[in-house]
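Q: A structural model of the following input is requested.
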Amino acid sequence: MTQKLVEEFSNRNGYTITEPLQMDVAENVRLSEPRRSPSQSPTGSVETSTKLYAILEAVEDRVEMHDNIGKQRDNWNKLLLNSVNMMTLTAATAAAISAAMPAPSLRACSTLLFTAATGMSLVMSKIQPSQLAEEQRNASRLFKQLQSEIKSMLALQSPTESDVKEMMEKVLALDRAYPLALLGKMIEKFPVKFEPAVWWPRVSNNRRQSRRRKTFMNTERNGWSEELEVEMRAIVQVLKSEDKKDYLRLGNLVLKLNKMLAVSGPLLARIAAASSAFGGSMAMMVAASAGAMAAIVNGFEHGGQVGMVVEMYRNCTGFFALMEETIEATHEKRDYDRREDGEMFEMKVAMKLGRSLSQLRDLARKSMASCLERIEVEEFGSKLF
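A: A predicted model of the protein is given here:
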């Protein structure tokens with residue numbers, strides 16, 4: 001099938017794909033590599049394209065897998081929430097009736113239902129189905145971006161071995177960031193500290209230092225100027241001090257709220273089960289009240305999809321971390337030929353932040369003025385979220 005795709009690509013005329021607005025640290029490495037034309041090494045070019053088509057097939061398969069599993073886990077959230085709340089409310093009703101008219105059968109049914117609801121509530125609080133579904137949605141979106149990038153590379157460029165290695169690193173980084181399995185590899189839902197999501201290959205300090213030693217100064221600036229470099233540094237400062245800081249603060253608040261709700265729901269259901277087991281008019285009233293409160297907490301936590309909000313903040317914070325790392329890694333390259341074209345890079349940053357070029361430059365000027373006057377910029381870098 002891969003060979004067939006290569007032949008189709010070779011015979012295709014007038015095929016163009018718009019390059020996606022995706023930037024990351026590894027992309028700067030790809031831009032710095034010299035391109036081999038097919039006439040120079042036709043066999044190597046075909047082999048490299050074949051490898052990229054194989055990676056493309058794997059990426060397309062992952063897109064479908066994450067889409068399917070995301071829908072499945074969203075259904076988990078709805079079905080489990082409805083089941084738990086129906087059992088809890090039924091048990092609370094039986095407990096309330098048993099408090100007014102003592103009946104051993106109602107008490108036994110109430111105890112069994114409260115016990116089952118406690119177990120299911122514990123499972124839901126542990127795995128956070130709404131957060132699991134959001135993880136898969138993010139993974140599907142990012143794999144689609146990678147899929148579009150590979151297609152553009154095959155259509156518009158002559159890929160090299162470094163491109164193949166880079167694409168493989170991106171696929172593996174996404175696999176690590178958004179695992180499909182639940183047991184053993186599931187992302188920790190209640191970490192001690194809120195951390196941004198990381199779905200791109202990280203560049204170690206040793207690799208950065210080796211790149212610096214290999215680079216040399218070039219008189220051609222490749223669309224870069226001193227003003228543009230200062231502008232990009234100012235944008236990074238805004239993203240660090242405003243956007244990323246605010247999302248870290250909100251992420252920590254929502255994470256604490258989710259922890260409290262995840263403990264409260266099963267605890268209230270357990271109190272209701274214990275009270276119902278003891279029997280007696282007062283105990284059954286406590287069971288009915290605790291059961292009603294457990295239903296409210298579960299409805300707020302899982303119906304309101306608080307776990308999904310936590311994952312959304314992780315993803316947004318990771319987006320700003322990726323922007324910062326991309327800009328800083330670009331500035332570290334002293335050879336301008338190893339950088340992406342300056343005007344193209346500026347346009348991509350502006351589009352990522354939902355701004356026009358003039359708005360991006362105005363934001364940079366405000367940031368530089370605030371540094372001189374030692375005041376904070378009362379404006380976020382991103383206008384998208």
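Q: dump the helix or strand harbouring Ser162 to CSV, keeping only the CA atoms.
A: Taking DSSP states H and E as the definition, Ser162 sits inside helix 161-177. Output in CSV follows, covering the C-alpha atoms of helix 161-177 (Å, rounded to 0.1, in the frame of the first residue of the first chain):
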residue,chain,number,x,y,z
GLU,A,161,16.5,11.6,6.6
SER,A,162,16.4,14.3,9.3
ASP,A,163,12.7,15.0,8.3
VAL,A,164,11.9,11.3,8.8
LYS,A,165,13.6,11.3,12.2
GLU,A,166,11.9,14.5,13.3
MET,A,167,8.4,13.1,12.3
MET,A,168,9.1,9.9,14.2
GLU,A,169,10.1,12.0,17.3
LYS,A,170,6.9,14.0,17.0
VAL,A,171,4.7,10.9,16.8
LEU,A,172,6.4,9.3,19.8
ALA,A,173,6.1,12.5,21.8
LEU,A,174,2.4,12.6,21.1
ASP,A,175,2.0,9.0,22.1
ARG,A,176,3.7,9.7,25.4
ALA,A,177,1.6,12.9,26.0
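Q: list the buried residues of that helix.
A: Asp163, Val164, Glu166, Met167, Met168, Lys170, Val171, Ala173, Leu174, Ala177 (16 or more other C-beta atoms under 10 Å). To be clear about C-beta, it is placed using only N, CA and C from the backbone, and glycine gets the same treatment.
Q: check which helices and strands that helix sits against.
A: Secondary-structure packing of helix 161-177 (3 or more C-beta pairs under 8 Å, 6 or more residues apart in numbering; DSSP states H and E): helix 25-32, helix 42-100, helix 129-156.
Q: what would those look like in CSV with distance to Trp199, mean neighbour count and mean pLDDT?
A: Shown next, in CSV, are the helices and strands packed on helix 161-177 (distance: least, C-beta to C-beta, whole Å; neighbours: other C-beta atoms under 10 Å; pLDDT from 0 to 100):
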stretch, distance to Trp199, mean neighbour count, mean pLDDT
helix 25-32, 12, 19, 44
helix 42-100, 12, 18, 90
helix 129-156, 6, 21, 93
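Q: okay, the ones you listed in JSON lines with distance to Ala369 next?
A: Shown next, in JSON lines, are the helices and strands packed on helix 161-177 (distance: least, C-beta to C-beta, whole Å):
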{"stretch": "helix 25-32", "distance to Ala369": "29"}
{"stretch": "helix 42-100", "distance to Ala369": "44"}
{"stretch": "helix 129-156", "distance to Ala369": "35"}
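Q: tell me the centre residue of the protein?
A: Note on the chain: the residue nearest the mean C-alpha position is Asn315, at 3.7 Å, using C-alpha atoms, centre = their mean.
Q: list the helices and strands the helix or strand that one falls within packs on?
A: Counting by DSSP H and E, the element that carries Asn315 is helix 306-332. Contact partners of helix 306-332 among helices and strands, from 3+ C-beta pairs under 8 Å, 6+ apart: helix 25-32, helix 129-156, helix 205-214, helix 226-238, helix 245-278, helix 342-352.
Q: list the buried ones in it?
A: Within helix 306-332, the residues scored as buried using 16+ other C-beta under 10 Å are 306-327, 329-330, 332.
Q: next: stretch 359-371.
A: Leu360, Arg361, Leu363, Ala364, Ser367, Met368, Ser370.
Q: does the first one touch Lys348 like I think?
A: Right, the one you point to is Leu360. No - if you go by C-beta atoms under 8 Å, Leu360 and Lys348 don't touch, sitting 10.7 Å apart.
Q: point out where this structure drops to low pLDDT.
A: Applying pLDDT under 70 to the chain picks out residues 1-44, 203-220.
Q: can you pull the contacts of the residue lying closest to Leu250 once chain neighbours are set aside?
A: Nearest residue to Leu250, sequence neighbours excluded (C-beta to C-beta, 6 or more residues apart in numbering): Tyr313, at 5.7 Å. Going by C-beta atoms under 8 Å, 6 or more residues apart in numbering, Tyr313 touches Phe194, Tyr247, Leu250, Gly251, Val254.
Q: now flag whichever of these is closest to Gln237.
A: Nearest to Gln237 among these: Tyr247, at 16.1 Å, using C-beta to C-beta.
Q: now do the residue nearest to that closest one when sequence neighbours are not counted against Tyr178, distance only.
A: Nearest residue to Tyr247, sequence neighbours excluded (C-beta to C-beta, 6+ apart): Thr317, at 4.4 Å. Using C-beta to C-beta, to the nearest Å, Thr317 is found at 15 Å from Tyr178.
Q: and stretch 274-287, which residues are buried?
A: If you call a residue buried by 16+ other C-beta under 10 Å, then stretch 274-287 has these buried ones: Ala274, Ser275, Ser276, Ala277, Gly279, Ala283, Met284, Met285, Val286, Ala287.
Q: and the last one, its phi and psi?
A: The phi/psi pair for Ala287 (degrees, to the nearest 10) reads phi -60, psi -40.
Q: that one and Ala116, how far apart?
A: 14 Å.
Q: same thing with the first one?
A: Computed as C-beta to C-beta, the Ala274 to Ala116 distance reads 14 Å.
Q: minimum distance to Val238: which of the helices and strands packed on helix 161-177 has it?
A: Using C-beta to C-beta, the helices and strands packed on helix 161-177 put helix 25-32 closest to Val238, at 19.7 Å.
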